[in-house]
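Peer 1: Mind looking at a prediction? Sequence and model below.
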Amino acid sequence: MKAGSNLEKVFESGKFAVTAEIGPPQSANPEPLVHHAKMLKGYADAFNLTDNQTAVVRLSSIASAVVVMREGIEPVIQMTCRDRNRIALQSDLLGASALGVRNVLCLTGDHQIFGNEKGAKSVFDFDSISELQVFDRLRREGKQSGGQELKDPPKVYLGCAENPFATPYEWRAARLAKKAAAGADFVQTQAIFDMDMFEKWMDEVRARGLDKKVHILAGVLPMKTAGAARYMKNKVPGMIVPNHIIDRMKNAKDSKEEGIKLCIEQIETLKGMKGVHGVHIMAVMWEEMVPRIVQEAGLMPRPAIE
């Protein structure tokens, strides 16, 4: 075991894993995190705590992780390169490990132009691949990026993100291969709506043997409206939403129910797809639906592994 986290144990046991997301609040009040932790406890193996997602100022992912750990759930902290140089990245990793955080998702980060501090200076000393390389060296060799040795290295399980639908498509599996070589133990993908295209990406992943090197969590996202589906199709880079999905949402008597039904159907398909080791549920601003989705998709009870 690299870190001994619950998520790592679930993967190593061969069970189908489930992760979900909790968005930290735009305030210093931790109560929304406590509320969501209590509501979601037991419905996933670990929960992502986002790191100022879309470049909007929020309670930090590390502080949020401590809050939810007090409520008995396991965090996956996201750590972006946008706001930190290599000194801060390594320092935060050591701090998170010291606080008991065992899962870290390495991300390059959204550009600040998308957020609420458009005048902020981006850092990008590293990208996510460099971040993985440095973090992996820290945990394996106990050496910083500059070569200095650490007496007590961090114990962390490292993850990354990947978008099978970003152009150029033919590079996507090769990019995942770089992240696996850099030290990634698991990957969470962009939300999937085009299953045929995702299957083509998985064909390439399997051909490269990457499903044996990194645990793949396929992203699913329940939608509330046809308008949301159209927005993701037309406005979100690297997101492919087929027209038949939009039409299905548009023609439904209850679009929210249809969105939940669609998400559950997607999970059922992914459960049977070779090389997929779990799902990552991104119920953005709709976290209360996670328990229902997990239950109706036949993913309960979650494994208890010592």
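Peer 2: Perfect, thanks for sending it.

Peer 1: if I look at residue 61, how far off is residue 52?
Peer 2: Residue 61 sits at a distance of 8 Å from residue 52 (criterion: Cβ to Cβ, to the nearest Å). To be clear about C-beta, it is placed using only N, CA and C from the backbone, and glycine gets the same treatment.

Peer 1: Who has more neighbours out of those two?
Peer 2: Neighbour totals were compared for residue 61 and residue 52, and residue 61 leads with 26 against 23 (other Cβ atoms under 10 Å).

Peer 1: My read is that that one contacts residue 49, right?
Peer 2: Yes - shown here, residue 61 and residue 49 form a contact pair, counting by Cβ atoms under 8 Å, at 4.4 Å.

Peer 1: Now the common contact residues for the two.
Peer 2: With contacts defined as Cβ atoms under 8 Å, 6 or more residues apart in numbering, the residues shared by residue 61 and residue 49 are 24, 77-78.

Peer 1: And stretch 77-87, what's buried?
Peer 2: 77-84, 86 (16 or more other Cβ atoms under 10 Å).

Peer 1: follow-up on the earlier one: kindly reformat the shared contacts of residue 61 and residue 49 as a markdown table and extend each row with pLDDT.
Peer 2: Shown next, in a markdown table, are the shared contacts of residue 61 and residue 49 (pLDDT from 0 to 100):
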| residue | pLDDT |
| --- | --- |
| 24 | 96 |
| 77 | 98 |
| 78 | 98 |
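
Peer 1: Now secondary structure and distance to residue 269 too, for the residues you listed, in CSV please.
Peer 2: As requested, the shared contacts of residue 61 and residue 49 are exported to CSV (DSSP: H, G, I helix; E, B strand; the rest coil; distance: Cβ to Cβ, whole Å):
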residue, secondary structure, distance to residue 269
24, coil, 31
77, strand, 30
78, strand, 27
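
Peer 1: Break down the stretch 1-150 of the chain into its strands, ranges please.
Peer 2: 17-22, 46-49, 75-80, 103-107 (DSSP state E, counting those that start in this stretch).

Peer 1: Let me have those in a markdown table, extended by distance to residue 276.
Peer 2: What follows is these, written out as a markdown table (distance: least, Cβ to Cβ, whole Å):
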| stretch | distance to residue 276 |
| --- | --- |
| strand 17-22 | 10 |
| strand 46-49 | 17 |
| strand 75-80 | 18 |
| strand 103-107 | 18 |
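
Peer 1: Output the contacting helices and strands for the helix or strand of the chain at the bottom of the mean pLDDT ranking.
Peer 2: The weakest-scoring helix or strand in the chain, judged by mean pLDDT, DSSP states H and E, is helix 226-235 (a mean of 91). For helix 226-235, the packing partners by 3 or more Cβ pairs under 8 Å, 6 or more residues apart in numbering; DSSP states H and E come out as helix 243-251.
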